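Peer 1: No letters, just coordinates:
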C-alpha cells in the first residue's frame with residue numbers, strides 16, 4: 001500500500017533524538033509523521049519487578065545480533081514509544097568542554113568534534129529545562145560554563161549517601177549531586193511532597209516508571225507533540241529501507257513493515273533517522289542501491305564504523321552499616337575525569353547506580369555470589385550494598401562496526417579491551433578508598449546486573465558513533481547540521497552522529513543536538 005499523504009517531515013524513532021525533535025517541530029504547523037517500531041510500553045506491575053526486568057528481560061526486544069565470531073547475543077534494546085529512554089537511568093550530564101576537542105588517551109586519540117562546547121551550550125541549557133533536570137551547576141569542577149542554572153534543585157541525598165559525600169569531601173575530593181531528570185517536588189527534608197509525581201522510590205534506574213515521573217522521551221516529548229493536529233504517529237512501524245529518486249540525491253520513499261504484516265510506503269520532503277546507533281546504521285546499509293552501492297550516505301565508508309558504547313563497570317561494595325537508601329542515584333564524582341596526579345590520561349567518572357535488591361543480586365548469583373559470600377543471604381547482601389557505576393571513554397575504532405549479513409541480520413564487532421587502562425585505574429582509586437568510606441574492601445563485587453548481563457557486547461545502552469558527523473565528506477557521513485553529505489533531505493539525530501563519546505551518559509547530548517538540528521530544519525522549512 002502507499003500512504004496518500006505526503007508529509008513535510010518523517011521522523012523514524014521516538015527516543016532521545018527522534019522524540020525530542022518531534023517536540024521541537026510540532027509547533028511549526030508542518031505535517032509531521034513519526035514512525036515507531038514498537039508500541040506503548042504496557043503499564044503493569046512487572047514494570048517494577050526486578051525478576052521481570054533484569055533476570056527474565058521481559059521488555060527487551062526478542063531478537064539476537066551476532067558478534068565478530070558469529071555467536072548470537074541478545075542486545076539491551078527496547079522497542080517502545082520513547083525508545084531506550086523508557087529504561088534509562090535519566091542521568092543527564094553534559095559532555096565536558098575538553099570532550100569536544102582532541103583528547104589523548106592511553107590507547108589513542110579521541111577525535112575533535114566539528115562543533116565546540118559553546119555551540120551546544122545554549123541547547124544543553126534548554127534540554128535541561130525541557131527534561132526537568134535536578135542538579136546544581138558549579139559543584140563539579142570539571143563541568144563547562146552554563147548559561148542557566150538547572151531548573152530544579154538537586155535530588156537530596158539520603159543519609160547513607162550524604163555520609164558518603166561527606167567522607168569523599170574529607171579526602172579532598174569534589175562529589176556533586178548527579179543531574180537527573182525526574183518530575184519531583186521535595187519538602188524541606190528532601191522527601192517527596194504529597195503532590196509530587198515522583199515518589200523517590202528504588203526503581204529509578206533500569207526500570208520504566210509506572211508514575212510517568214521519569215523524564216523519558218515519551219512522557220516529555222512524544223505525548224505533548226501528539227497533542228498538535230499536524231503530528232501523527234504510527235506504532236508497530238518497522239522501517240525496512242529508504243528509497244531514492246534516480247539521481248540518488250533525494251529520499252523519496254520510507255518503506256515500512258506494519259504491525260499487521262503489510263507494507264506501507266511513506267514520503268516526505270525531509271526524512272530523519274533516529275533508530276539508535278546500531279539500527280540507524282543498519283537501516284542505511286540495508287538501503288543500498290545503484291547510486292549508493294555501499295549503503296545510503298556511505299560514500300565515505302564510515303556508516304556502521306566507529307561504534308562506541310563506553311567502558312563500564314558496575315561495582316557493589318558492602319557497607320559496614322546497613323544502607324536503607326531508596327533513591328540512591330544522587331551522587332557522582334569526576335575528580336579523575338581528565339587525569340590524575342599519577343596518570344596523564346583520562347580515567348573517567350564514578351556515579352551511583354540505582355539501589356540493587358535481593359532479586360537482582362540473585363539473578364546474577366550463578367556467576368559470582370557463591371564464590372564471594374556463600375554465608376551471606378542475598379537479602380542481607382542487598383541491605384548493605386552500595387552500588388557504584390564506573391564509566392570510561394571508549395575510543396572510536398574503524399573496525400568496531402555494524403555490518404549486515406546476506407540474511408539482513410545485524411553483526412556487531414567490538415574491541416572489548418579498547419582503552420580500558422583508565423577504567424582499571426579508576427577502579428583502583430575507588431577500591432583504595434572503600435575502607436575509609438565505611439565499606440568492606442574485600443567485599444568489592446564486580447557484577448553486571450545493569451549493564452553487562454554476562455554478555456559484555458550486549459550492553460548497548462550507550463551505543464553511539466556509527467554515522468558520525470564532520471566537515472569532511474571523506475571521513476564523515478553527516479555534515480555539521482547532521483544532514484547526510486550524499487543526500488539533500490536525509491538527517492540523522494540519534495547518538496549515531498557522535499565522533500567521540502566522552503565518559504558521561506550520552507542522552508543529554510543527543511537531546512541538545514536534536515533541539516539544535518530542529519532549529520536548522522525550521523529555518524530550512526521556512
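Peer 2: Structure's in. What do you need? This structure is a prediction, so every number in the text was calculated from the model and none was measured. Residues are numbered from 1 along each chain as shown.
Peer 1: Could I get the full set of helices for the stretch 251-400 of the chain?
Peer 2: When assigned using DSSP state H, counting those that start in this stretch, the helices of the stretch 251-400 of the chain occupy the ranges 277-286, 358-363, 365-372, 378-384.
Peer 1: Please identify the most buried of these.
Peer 2: Highest mean neighbour count of those: helix 277-286, a mean of 26 (counted as mean count of other Cβ atoms under 10 Å). For glycine as for every other residue, the C-beta is placed from the backbone atoms N, C-alpha and C.
Peer 1: Which strands and helices lie in contact with that one?
Peer 2: If contacts are counted by 3 or more Cβ pairs under 8 Å, 6 or more residues apart in numbering; DSSP states H and E, helix 277-286 sits against strand 238-244, strand 263-273, strand 401-404, strand 410-413.
Peer 1: mind redoing it with 10 Å?
Peer 2: strand 2-12, helix 16-25, strand 238-244, strand 263-273, strand 401-404, strand 410-413, strand 490-492 (3 or more Cβ pairs under 10 Å, 6 or more residues apart in numbering; DSSP states H and E).
Peer 1: Look at the closest residue in space to residue 87 that isn't next to it in sequence and report its pLDDT.
Peer 2: Take residue 87 and drop its neighbours on the chain: the residue closest to it by Cβ to Cβ, 6 or more residues apart in numbering is residue 78, 5.4 Å away. For residue 78, the model assigns a pLDDT of 94.
Peer 1: show me what contacts residue 78?
Peer 2: For residue 78, the contact set (Cβ atoms under 10 Å, 6 or more residues apart in numbering) comprises 15, 38, 41, 57, 59-61, 84-88, 208, 276, 461.
Peer 1: For stretch 420-432, what is the distance to the chain centroid?
Peer 2: Chain-centre distance of stretch 420-432: 23 Å, with Cα atoms, centre = their mean, to the nearest Å.
Peer 1: So for that stretch, what gets flagged as buried?
Peer 2: 420, 421, 422, 423, 425, 426, 427, 429, 430 (16 or more other Cβ atoms under 10 Å).
Peer 1: Throw the residues you listed into JSON lines and include pLDDT, secondary structure and distance to residue 329, thanks.
Peer 2: Shown next, in JSON lines, are the buried residues of stretch 420-432 (pLDDT from 0 to 100; DSSP: H, G, I helix; E, B strand; the rest coil; distance: Cβ to Cβ, whole Å):
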{"residue": "420", "pLDDT": "92", "secondary structure": "coil", "distance to residue 329": "24"}
{"residue": "421", "pLDDT": "94", "secondary structure": "helix", "distance to residue 329": "27"}
{"residue": "422", "pLDDT": "95", "secondary structure": "helix", "distance to residue 329": "23"}
{"residue": "423", "pLDDT": "93", "secondary structure": "helix", "distance to residue 329": "20"}
{"residue": "425", "pLDDT": "95", "secondary structure": "helix", "distance to residue 329": "24"}
{"residue": "426", "pLDDT": "95", "secondary structure": "helix", "distance to residue 329": "18"}
{"residue": "427", "pLDDT": "90", "secondary structure": "helix", "distance to residue 329": "20"}
{"residue": "429", "pLDDT": "94", "secondary structure": "helix", "distance to residue 329": "20"}
{"residue": "430", "pLDDT": "91", "secondary structure": "helix", "distance to residue 329": "17"}
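Peer 1: could you dump these to CSV with distance to residue 197?
Peer 2: Below are those laid out as CSV (distance: Cβ to Cβ, whole Å):
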residue, distance to residue 197
420, 39
421, 43
422, 38
423, 36
425, 40
426, 35
427, 36
429, 37
430, 34
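Peer 1: wait, which of those residues is closest to residue 397?
Peer 2: Using Cβ to Cβ, residue 420 is the member of the buried residues of stretch 420-432 that lies nearest residue 397, at 13.0 Å.
Peer 1: what's near enough to touch that closest one?
Peer 2: 106, 107, 311, 313, 392, 394, 427.
Peer 1: hang on, the earlier thing: cross the contacts of residue 78 against strands and list the overlap.
Peer 2: In strands, judged by DSSP state E, none of these are found.
Peer 1: quick revisit: for the helices of the stretch 251-400 of the chain, which one sits closest to residue 401?
Peer 2: helix 277-286 (8.2 Å).
Peer 1: Just give me how far the closest one sits from the chain centre.
Peer 2: Using Cα atoms, centre = their mean, the offset of helix 277-286 from its chain centre is 17 Å.
Peer 1: quick one: average pLDDT of it?
Peer 2: 98.
Peer 1: got it, and stretch 317-326?
Peer 2: Stretch 317-326 shows an average pLDDT of 88 in the prediction.
Peer 1: which parts of that stretch are buried?
Peer 2: Here stretch 317-326 shows 317, 318, 319, 323, 325 as buried, counting by 16+ other Cβ under 10 Å.
Peer 1: packing partners for the longest helix seen in the chain?
Peer 2: For the chain, the longest helix by residue count, based on DSSP state H, is helix 507-525. Other elements packing on helix 507-525 under the criterion 3+ Cβ pairs under 10 Å, 6+ apart are strand 2-12, helix 16-25, helix 117-130, strand 180-181, helix 217, strand 263-273, strand 490-492.
Peer 1: Which positions in the first one come out as buried?
Peer 2: Buried residues in strand 2-12, counted by 16+ other Cβ under 10 Å: 7, 8, 9, 10, 11, 12.
Peer 1: List the residues that contact residue 402.
Peer 2: Contacts of residue 402 by Cβ under 10 Å, 6+ apart are 65, 277-282, 284-285, 303-307, 410-414, 463, 465-467, 496.
Peer 1: now with 8 Å?
Peer 2: 277, 278, 281, 282, 285, 304, 307, 410, 411, 412, 466 (Cβ atoms under 8 Å, 6 or more residues apart in numbering).
Peer 1: how close does the second one sit to residue 308?
Peer 2: Between residue 278 and residue 308 the computed distance is 11 Å (Cβ to Cβ, to the nearest Å).
Peer 1: Which residues are in contact with each of the two?
Peer 2: By Cβ under 8 Å, 6+ apart, the residues touching both residue 278 and residue 308 are residue 463.
Peer 1: re earlier: check the helices and strands packed on helix 507-525 for me and report the most buried one.
Peer 2: Note that of these, helix 217 is the most buried (mean count of other Cβ under 10 Å), with a mean of 32.
Peer 1: Neighbours of residue 206, how many?
Peer 2: By other Cβ atoms under 10 Å, 19 other residues sit near residue 206.
Peer 1: unless I'm mixing things up, it is touching residue 89, no?
Peer 2: Yes: shown here, residue 206 and residue 89 form a contact pair, counting by Cβ atoms under 8 Å, at 6.6 Å.
Peer 1: which residues of the stretch 251-400 of the chain score low on pLDDT?
Peer 2: Across the stretch 251-400 of the chain, the ranges flagged by pLDDT under 70 are 364-376.
Peer 1: now with 50?
Peer 2: 365-372, 374 (pLDDT under 50).
Peer 1: ok, back up a step: name the nearest of the buried residues of stretch 317-326 relative to residue 153.
Peer 2: Checking these against residue 153 by Cβ to Cβ gives residue 325 as the nearest, at 18.8 Å.
Peer 1: circling back to that earlier point, the buried residues of stretch 317-326 into JSON lines, with extra columns for distance to residue 234?
Peer 2: Listed next are these as JSON lines, based on distance: Cβ to Cβ, whole Å:
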{"residue": "317", "distance to residue 234": "47"}
{"residue": "318", "distance to residue 234": "49"}
{"residue": "319", "distance to residue 234": "49"}
{"residue": "323", "distance to residue 234": "45"}
{"residue": "325", "distance to residue 234": "42"}
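Peer 1: Please narrow the residues you listed to those residing in strands.
Peer 2: Reading strands off the buried residues of stretch 317-326 with DSSP E, I get 317, 318, 319.
Peer 1: quick one: residue 46 is in a helix?
Peer 2: Yes: counting by DSSP: H, G, I helix; E, B strand; the rest coil, residue 46 is part of a helix.
Peer 1: Which pLDDT value belongs to it?
Peer 2: Note on residue 46: pLDDT of 97.
Peer 1: Ramachandran angles for residue 258?
Peer 2: Main-chain torsions, residue 258, degrees, to the nearest 10: phi -90, psi 170.
Peer 1: what's the closest non-adjacent residue to it?
Peer 2: Per Cβ to Cβ, 6+ apart, closest to residue 258 is residue 264, 5.6 Å.
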